[in-house]
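Student: let's see this in three dimensions:
(chains A and B)
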Amino acid sequence: MDAKIKEQPNDFLAGARDALPILIGYFAVSVTFGVATVSYGFNPWIPVIISLTNYTGSGQALGVQLMAAETTTLIELTLAMLVINIRYSLMSLSLSQRLDPKTRLWQRFILAFGVTDENFALAMSKKRELSFKYLLGIELAAFLGWLGGTALGAFVGAILPEIVLQAFGIALPAMFVAIILPPCRKSLPITLVVLASVGISCLFTYVPVINELSSGWVYIICGIVTAVAASVFFPVKEESDSEKEQEA
Amino acid sequence: MTTERVILFIVIMATVTYLCRVLTMVLVRKKIGSTFVRSFLTYAPYGILAAMVFPGIIYSTSSGGVIESYAVLIATIVGTLNAIILSLLKRGLFVVSMSSVAIVIIMILILNAAGVA
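Tutor: Sure thing, here's the model as predicted:
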């Protein structure tokens, strides 16, 4: 495809149309997030406000689980959010270099809010310069699915019977299983990261004395220790961006 | 949990998330040269998510980390195995998550009916 395509008036719609599969996928996933959050005992508006202001799957789910644990401190929450979300800085960086050079600073501030794994993968799969309108189309369409699903889940969740809400406790962890295991089939380093992290996490859960440490710290320690070790033994080569595009 | 605390948590979550996204979008204009940094950013989400899922998923259907009955424990273990198997078969997030929820509900109902306490 031609490297330079002029920005067209329908660029926004083109982006929104391309993001339709993400919209549908986000809708389904965020319904789960809505119900799960309500099942922890939160008011239905809480998950809606979280989705409106965060717009990230794994970060929101982690945040809600830490919120549900009464003992979580603010520093734990901040560090855990940093570890889980820091990958976005890499995606923003890559996107930034593909943006139309005419993109204004205020436009960059808006686009930054909608950098998610899926939106990033879709945008980077387009082998051309990205206009503000096109990227905004992707991000807004996907955001619509994300918000709509959360609201539906939250308000339907509020009227579900007790046993269903109890069972919904497994919804978010099960979703994480579906995020972390598929890449393990292709990547030995990721498999080792997952196994090592589970091992350390089990130690902090079952071994006396160290199991007094609160869950937020355990997640942070596991995330940092395993990622540092993997980075030392299995450094990721430059080309990882293009691999990521194909996986998504 | 008080309303103030919930709001404070949400503000922190939103701020940290947005900062992670916006700083490199508006400030940095060149590639991250360090292989170590790139590698760390790639692996960190897997490390933290794995720690959160296991062994926590076993207690995810109980409140306060105390498993209330064998029925709930068995149902949750089966639901977890379902999530692991379907994920390795590359089913989507929604399918994995919802099937595990459904299995937990059905298993609890069956085990309770069978008199497992």
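Student: and chain A, what are its domains?
Tutor: As recorded under automatic domain parsing, the domains making up chain A are A:11-168, A:181-247.
Student: residues of the longest helix along chain A that come out buried?
Tutor: Counting by DSSP state H, the longest helix found in chain A is helix A:132-157. Neighbour-count burial for helix A:132-157 flags A:132-143, A:145-155, A:157 (criterion: 16 or more other C-beta atoms under 10 Å in any protein chain shown). Yep, even glycine has a C-beta here, placed from its N, CA and C like the rest.
Student: near chain B, from these?
Tutor: For chain B, no contacts are drawn from those by C-beta under 8 Å from any C-beta of the partner chain.
Student: let's test this: mean pLDDT of the helix or strand hosting residue B:22, rounded?
Tutor: Per DSSP states H and E, residue B:22 falls inside helix B:3-26. Mean per-residue pLDDT for helix B:3-26: 95.
Student: I'd like the next helix or strand past it.
Tutor: Next helix or strand after helix B:3-26 toward the C-terminus (DSSP H and E): helix B:35-53.
Student: show me what that following helix packs onto, helices and strands only.
Tutor: Where contact means 3 or more C-beta pairs under 8 Å, 6 or more residues apart in numbering or on different chains; DSSP states H and E, helix B:35-53 is packed against helix A:57-68, helix A:74-85, helix A:87-98, helix A:171-184, helix A:188-206, helix A:215-233.
Student: ok, back up a step: now the element after the longest helix of chain A, going C-ward?
Tutor: Read in the C-terminal direction, the helix or strand following helix A:132-157 is helix A:162-167, with elements assigned using DSSP H and E.
Student: list the buried ones in that next one?
Tutor: A:165-167.
Student: near chain B too, which of these?
Tutor: Applying C-beta under 8 Å from any C-beta to the buried residues of helix A:162-167, one finds that A:166-167 fall near chain B.
Student: ok, so of the buried residues of helix A:162-167, who is nearest chain B?
Tutor: residue A:167 (4.0 Å; C-beta to the nearest C-beta).
Student: for the closest one, give me its contacts.
Tutor: B:61, B:75, B:79, B:101-102, B:104-105, B:108 (C-beta atoms under 8 Å, 6 or more residues apart in numbering or on different chains).
Student: so for the lowest-mean-pLDDT helix or strand in chain B, what gets flagged as buried?
Tutor: Scoring the helices and strands of chain B by mean pLDDT, DSSP states H and E places helix B:35-53 at the bottom, with a mean of 89. Neighbour counts over helix B:35-53 (16+ other C-beta under 10 Å) mark B:38-53 as buried.
Student: what's the distance between residue A:158 and residue B:1?
Tutor: 17 Å (C-beta to C-beta, to the nearest Å).
Student: which of the helices or strands spans residue A:23?
Tutor: Going by DSSP H and E, residue A:23 is in helix A:20-39.
Student: correct me, but residue A:72 touches residue A:215?
Tutor: Yes. At 7.5 Å, residue A:72 counts as touching residue A:215 under the criterion of C-beta atoms under 8 Å.
Student: joint contacts of these two?
Tutor: Here residue A:72 and residue A:215 have residue A:66 as joint contacts, going by C-beta under 8 Å, 6+ apart.
Student: still on that earlier bit, looking at the domains of chain A, which has the lowest confidence?
Tutor: domain A:181-247 (a mean of 86).
Student: is any residue of that one near chain B?
Tutor: Yes. Against chain B, domain A:181-247 shows contacts by C-beta under 8 Å from any C-beta at A:181-185, A:189-190, A:193-198, A:200-202, A:205-206, A:215, A:218-228, A:230-232, A:234-238, A:240.
Student: out of those residues, which end up buried?
Tutor: Going by neighbour count (16+ other C-beta under 10 Å), the residues of domain A:181-247 next to chain B have A:181-184, A:189-190, A:193-194, A:196-198, A:200-201, A:205, A:215, A:218-228, A:230-231, A:234, A:236 buried.
Student: what's the neighbour count on residue A:28?
Tutor: 17 (other C-beta atoms under 10 Å in any protein chain shown).
Student: pretty sure it contacts residue A:152?
Tutor: No. Residue A:28 is beyond contact range of residue A:152, at 10.2 Å (criterion: C-beta under 8 Å).
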